[in-house]
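J.: Task: produce atomic coordinates for the following.
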Amino acid sequence: MGSTQEVGGEVGANDGPSLTPAWIAEAGGGRWHLPPTPEDASRRLHGVGIDSREDLSDRAFLAIRGERHDGHRFVGAAVEAGAAMVIVDAAAVAAGEVPSLRVPILFVDDGRRALTRL
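T.: Numbering: from 1, shown residues only. As a prediction, the model looks like this:
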C-alpha cells in the first residue's frame, strides 16, 4: 500500500467533489496560515501524500506525527517534491516548526483526523 491517497472526485456531474485547496480546507476543518491565491484556491489537485520522498506534483502534503518520524520536519522536502500545498498541525505552526514556504499552508487541529475527512 502506498502512502499517497487519491481523494476527491473527477470534475463533472455527480462525480463527487473536485479536490482543490479550498475544498480541502473546508472538508478537513482547517484554517489558512498562508492562504492560497484566488487562482491556487481553485487549482485541481490529484491527491494527498504523506511521504515527502514521493513525487508530490499537484498533490497536497499532509504532515503527520508518528512514533518514529514527524512529517512536519519534511514539509520543505515535500514542496521540493512538487507539493502544491501543505497541511500541518496547528501546534506545529504555534511552535514555529513550519518553515516559510512558497505554497499555501493549511493548519488543522489533528492531521490524522483531517485525513479521514478527506
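
J.: Not counting its neighbours along the chain, what's nearest residue 41?
T.: residue 22 (4.5 Å; C-beta to C-beta, 6 or more residues apart in numbering). C-betas here are computed from N, CA, C, even on glycine.

J.: List the buried residues in the strand or helix carrying that neighbour.
T.: According to DSSP states H and E, residue 22 maps onto helix 21-28. Under the neighbour-count criterion of 16 or more other C-beta atoms under 10 Å, helix 21-28 has 21, 22, 23, 24, 25, 28 buried.

J.: and if you look at stretch 106-118?
T.: 106, 107, 108, 111, 114, 115, 118.

J.: Quote the end-to-end distance of it.
T.: This stretch, stretch 106-118, spans 14 Å end to end (C-alpha to C-alpha, to the nearest Å).

J.: how long is stretch 103-118 from one end to the other?
T.: First-to-last distance for stretch 103-118 - C-alpha to C-alpha - comes to 20 Å.

J.: Touching that stretch from outside, list them.
T.: For stretch 103-118, the external contacting residues (C-beta atoms under 8 Å, 6 or more residues apart in numbering) are 5, 7-8, 21, 24-25, 27-36, 40-41, 48, 50, 62-65, 71, 79, 83-90, 92-93, 98.

J.: Within its sheet, name the partner strands of the next helix or strand after the helix holding residue 22 and how each one runs.
T.: The helix or strand immediately downstream of helix 21-28 is strand 31-34, counting by DSSP H and E. Strand 31-34 sits in its sheet next to strand 105-108 (antiparallel), going by DSSP bridges.

J.: Quick one: mean pLDDT over the strand it pairs with.
T.: Average pLDDT, strand 105-108: 93.

J.: rewinding a little: okay, who's weakest in the buried residues of helix 21-28 by pLDDT?
T.: For the buried residues of helix 21-28, the pLDDT minimum is residue 28, 85.

J.: All set now, cheers.
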